[in-house]
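> have a look at this prediction, sequence included:
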Amino acid sequence: MKIRKLSDKETELLKDFLYEAIFIPEGVEPPPREIIEQPELKLYYEDFGTGRADNCIVAEDDGRVIGAVWTRIMDDYGHVDDDTPSFAISLYREYRGLGIGTRLMREMLKLLKEQGFEKASLAVQKENYAVRMYEKVGFRTVDENSEEFIMVCNL
């Protein structure tokens, strides 16, 4: 397995991984793929690569990109301020639970620190098993609503 930066020619993959990132609780029908065209979700990929915190690291297995972590400064669910990049991460289902996400998260946190960012944020649904992984790499809950935790990692 190889960890590398996403190339400019691969930004369309972010749409696939955004859809994969949607947490679907047990027994709930997945939403239609078109959901990623909604304005509050398009901001995760539209014009990616143009912002100062637009970074993406991917995991590649046998020539196939199987996971991605990306950041942007955007007014998303995990937004804490205009200087803090928000995280998105996704792996294809069959690659989850193998430590790949943790590795991608650590690589991205290192990159953001090198770029001079002081912290990073994310939002995660309370039921999502990934909460433990986020805590393991240094994220802490700073706020919450009925459905989600807002988490921050100080770099």
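On my side now, so go ahead.
> now residue 110, what are its backbone angles?
Main-chain dihedrals, residue 110, degrees, to the nearest 10: phi -60, psi -50.
> what's the spacing between it and residue 137?
Distance check for residue 110 against residue 137: by CB to CB, to the nearest Å, it reads 10 Å. The way it works is simple: take the backbone N, C-alpha and C, and place the C-beta from them, glycine included.
> more neighbours, these two?
Using other CB atoms under 10 Å, the more surrounded residue of residue 110 and residue 137 is residue 137, with 16 against 12.
> just the strands in the chain please.
Assigned by DSSP state E, the strands in the chain fall at 2-5, 55-61, 64-72, 86-91, 119-125, 140-144, 148-154.
> any chance of the ones you listed in CSV with mean neighbour count, mean pLDDT and distance to residue 18 as columns?
Shown next, in CSV, are the strands of the chain (neighbours: other CB atoms under 10 Å; pLDDT from 0 to 100; distance: least, CB to CB, whole Å):
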stretch, mean neighbour count, mean pLDDT, distance to residue 18
strand 2-5, 12, 96, 18
strand 55-61, 20, 97, 12
strand 64-72, 22, 97, 9
strand 86-91, 23, 94, 7
strand 119-125, 22, 95, 14
strand 140-144, 13, 96, 23
strand 148-154, 19, 97, 17
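> TSV please, covering these and showing distance to residue 14.
Below are the strands of the chain laid out as TSV (distance: least, CB to CB, whole Å):
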stretch	distance to residue 14
strand 2-5	13
strand 55-61	7
strand 64-72	6
strand 86-91	8
strand 119-125	16
strand 140-144	26
strand 148-154	21
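> those: which one's closest to residue 42?
Closest approach to residue 42 among the strands of the chain is made by strand 64-72 (11.7 Å; CB to CB).
> list the strands paired with that closest one, with their directions.
Counting by DSSP bridges, the strands paired with strand 64-72 are strand 55-61 (antiparallel), strand 86-91 (antiparallel).
> mind exporting the C-alpha coordinates of that strand to CSV?
Provided in CSV are the C-alpha atoms of strand 64-72 (Å, rounded to 0.1, in the frame of the first residue of the first chain):
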residue,chain,number,x,y,z
ARG,A,64,-6.3,1.7,-7.1
VAL,A,65,-7.1,4.7,-4.8
ILE,A,66,-8.9,3.1,-1.9
GLY,A,67,-9.1,5.9,0.6
ALA,A,68,-8.7,9.7,0.9
VAL,A,69,-8.3,12.3,3.6
TRP,A,70,-8.7,15.9,2.5
THR,A,71,-8.9,19.4,4.1
ARG,A,72,-10.2,22.8,3.2
